[in-house]
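A.B. asks: let me see the structure of the following:
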Amino acid sequence: PNRIGAAWSRALARMDNELPLYAFCDQGALKCPKNFQNWRRLVAKLRQHRGYDLLQALNSGVNALVAHSDDADTFGTSDHWASPMEFLEAGGDCEDYTILKYATLVELGLAERDMRIVVVKDTRRNRGHAVLSVRTPRGEMILDNLNDAVRPDTTIPHYKPFYSLNRHQHYLHIAARLSRQG
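C.D. replies: Next comes the predicted model:
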């Protein structure tokens, strides 16, 4: 958990430092990478969506922007949490898609307290994975780079949450065992 929190804190700091660059790119004052320009067009289109439709358009839109790549190949390390510009320039893995979705929703006005990056164990693939959970009137909805459909967390039983966080809070998930008594 400490390693995850530290990686997230570094990504947040880089993301905050990038914010002024977004406006320069939007105004054409900087020559920005193609994937970044595509993201900014997506953000503009997303402004006309609300609720579940916004989440669905964001999830599928971001999933289509950048090809998945392993951190070792992209960043030369086993685990790097990329800022939006890093991810859009170089590619990345599951948490990088999740960070870009988080940053987009923040820009569109969603309260950070209603979002969490969730690190899970995917028991079907027997490996770690990261998704974005968004609190909605329909319950917790999951945005996932492995699936373009936004789904309620209750429909993904093979994702076992380990750790989740947003800008303000970190949560350690502990699995409870129910005992059977005769």
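A.B. asks: can you list the buried residues in the helix or strand hosting Tyr22?
C.D. replies: Secondary structure from DSSP states H and E places Tyr22 in helix 2-26. Along helix 2-26, the positions that meet the burial threshold by neighbour count (16 or more other CB atoms under 10 Å) are 4, 8, 11-12, 14-15, 18, 22, 25. C-beta: built from backbone N, CA, C; applies to glycine.
A.B. asks: and stretch 122-131, by the same measure?
C.D. replies: 122, 129-131.
A.B. asks: the helix holding Tyr22 packs against which elements?
C.D. replies: helix 34-46, helix 84-90, helix 94-107, strand 159-165 (3 or more CB pairs under 8 Å, 6 or more residues apart in numbering; DSSP states H and E).
A.B. asks: hang on, isn't Leu110 packed against Val134?
C.D. replies: Yes. Judged on CB atoms under 8 Å, Leu110 makes contact with Val134 at a distance of 7.3 Å.
A.B. asks: who has more neighbours out of these two?
C.D. replies: Set side by side, Leu110 and Val134 show more neighbours around Val134, with 24 against 18, by other CB atoms under 10 Å.
A.B. asks: for my notes, confirm that one occurs in a strand.
C.D. replies: Yes. Following the definition DSSP: H, G, I helix; E, B strand; the rest coil, Val134 is counted among the residues of a strand.
A.B. asks: quick one: pLDDT of the residue nearest to the spatial centre of the chain?
C.D. replies: By CA atoms, centre = their mean, the chain has its centre lying nearest to Thr98, at 1.2 Å. At Thr98 the predicted local distance difference test score is 98.
A.B. asks: what about Val119, which SS state?
C.D. replies: Secondary structure state of Val119, per three-state DSSP, is strand.
A.B. asks: can you pull the pLDDT of the residue nearest to it when sequence neighbours are not counted?
C.D. replies: Taking CB to CB, 6 or more residues apart in numbering as the measure, Val119 lies nearest to Tyr163, with 4.5 Å between them; neighbours along the chain are not counted. pLDDT, the model's per-residue confidence, is 93 for Tyr163.
A.B. asks: likewise Trp39?
C.D. replies: Reading off the per-residue confidence, Trp39 sits at a pLDDT of 95.
A.B. asks: still on that earlier bit, what's the closest of the buried residues of helix 2-26 to His173?
C.D. replies: When these are compared for distance to His173 (CB to CB), Ile4 comes out closest, at 12.0 Å.
A.B. asks: next, the contact list for the closest one, please.
C.D. replies: Contacts of Ile4 were listed using CB atoms under 8 Å, 6 or more residues apart in numbering, and they are 119, 163, 165.
A.B. asks: mind listing what the second one touches?
C.D. replies: Applying CB under 8 Å, 6+ apart to Tyr163 gives the contacts 1, 4, 118-119, 170-173.
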